[in-house]
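J.: Sequence first, predicted coordinates after that:
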Amino acid sequence: MSTLLLRLAAPMQAWGSDSKFEVRRTGREPTKSGVIGLLAAALGRKREDPIDDLCKLKFGVRVDQEGQLLCDFHTARSVKQTYVTKRYYLSDAVFLVALESDDKDFLLQLENAIKNPVYPLFLGRRSCPPTLPIVLGMRDKSMMETLNHEPWLASEWMQKRYKKTPMLRLVTDADKGDSRVAFQRDMPISFSVKKRSYNYRAYVEHRPVIIECDDCNDISETKQDPMSEL
C-alpha cells in the first residue's frame, strides 16, 4: 500500500460540487472530482476518455490552511438579456491531498505526469493555477497514517499566529460500515461535454489532527508563475 501526496495551494482556488447557472459556489476543501480532473489533465486524457482507474484511488484531504471566501461578480450577455453571475473562491488556502493505492506503479505514473503535465493544471477553475511544488512524493504508508504524520504546510505568516499546537481538519473517503458518513456529489462518471455526469461519494470528516509545530514546513518562498511554460 502506497500514498502519493500533493500540495494544493494558490492565491485562489474553487472547488464546486453542486452549483450551476448564475451562482458558482466553492467547497471548503478540494473535491474528488476536481482532483481527478487535475490528474486526467496531467496524463493528457481527453474529456471522453475513461477515468475509472482514477476514481478507484482512495482520496483524503488535510486542511493545512483554511481559505478566506471571496465573491467575484461577472456580467454575462445572451442574445436576449444581460445578467450578473456570482463566483466564489477560496483565497490563500493550502491543502495536503493524499491518494492511496495498492498499485505503486500507477501512483508513480501519476507523480511523473503531474511533474510533466500534458495539459495545464488548475485548482478547480482555469483562472486558478497552482503554486509549486505540487508533488510532495510517495510514502509507503496508508493514507490515514500519512495524513496524520506529515509536517504542517501552512505559510510562515500563518504558523506565527499559532502559539499552541494547531488542529487541522481531515476529510477522507468513507470506509464501509462507518456510521459518520455524509454524501457529496463529486464522484465523476464522465467529463464529456456532451454528457457530463457525477455520482454521490460517501465521505467522513475526522476529528482534528494535531500537528507539532517543530515539524512544520515553510512554504513562504514558493512562487507562482503561470506563464513559465510559455
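T.: Arrived safely. Residues are numbered from 1 along each chain as shown.
J.: Quick one: find the helix or strand in the protein with the lowest mean pLDDT.
T.: Counting by mean pLDDT, DSSP states H and E, the chain has its least confident helix or strand at strand 23-24, which shows a mean of 81.
J.: Leaving out the residues flanking it, which one is nearest to the residue nearest to the spatial centre of the chain?
T.: The centroid of the chain falls nearest to residue 30 when counting by C-alpha atoms, centre = their mean (3.5 Å). What sits nearest to residue 30 in space, not counting adjacent residues and going by C-beta to C-beta, 6 or more residues apart in numbering, is residue 15, at 5.0 Å. Placement of C-beta: from N, CA and C, glycine included.
J.: for this protein, which spans come out with low pLDDT?
T.: 19-21, 163, 212-230 (pLDDT under 70).
J.: rerun that using 80 as the cut-off
T.: By pLDDT under 80, the low-scoring segments of the chain are 17-22, 74-80, 83, 162-165, 211-230.
J.: ok, the residue lying farthest from the centre of it to residue 64 distance?
T.: Ranked by distance from the centre of the chain (C-alpha atoms, centre = their mean), the top residue is residue 80, with 37.4 Å. Noted for residue 80: a distance of 46 Å to residue 64, by C-beta to C-beta, to the nearest Å.
J.: Repeat that for residue 127.
T.: Residue 127 is 22 Å from residue 64, by C-beta to C-beta.
J.: what does residue 76 give?
T.: Distance of residue 76 to residue 64, given as C-beta to C-beta: 35 Å.
J.: neighbour count winner among these two?
T.: residue 64 (27 against 10; other C-beta atoms under 10 Å).
J.: what about the residue lying closest to residue 48 once chain neighbours are set aside, how many residues close to it?
T.: Nearest non-adjacent residue to residue 48, counting by C-beta to C-beta, 6+ apart: residue 192, 4.9 Å away. Using other C-beta under 10 Å, residue 192 is surrounded by 12 other residues.
J.: Residue 192 touches residue 47, doesn't it?
T.: Yes: counting by C-beta atoms under 8 Å, residue 47 is a contact partner of residue 192 at 5.2 Å.
J.: So which bits of stretch 96-111 are buried?
T.: 96, 97, 98, 99, 100, 101, 106, 107, 110, 111 (16 or more other C-beta atoms under 10 Å).
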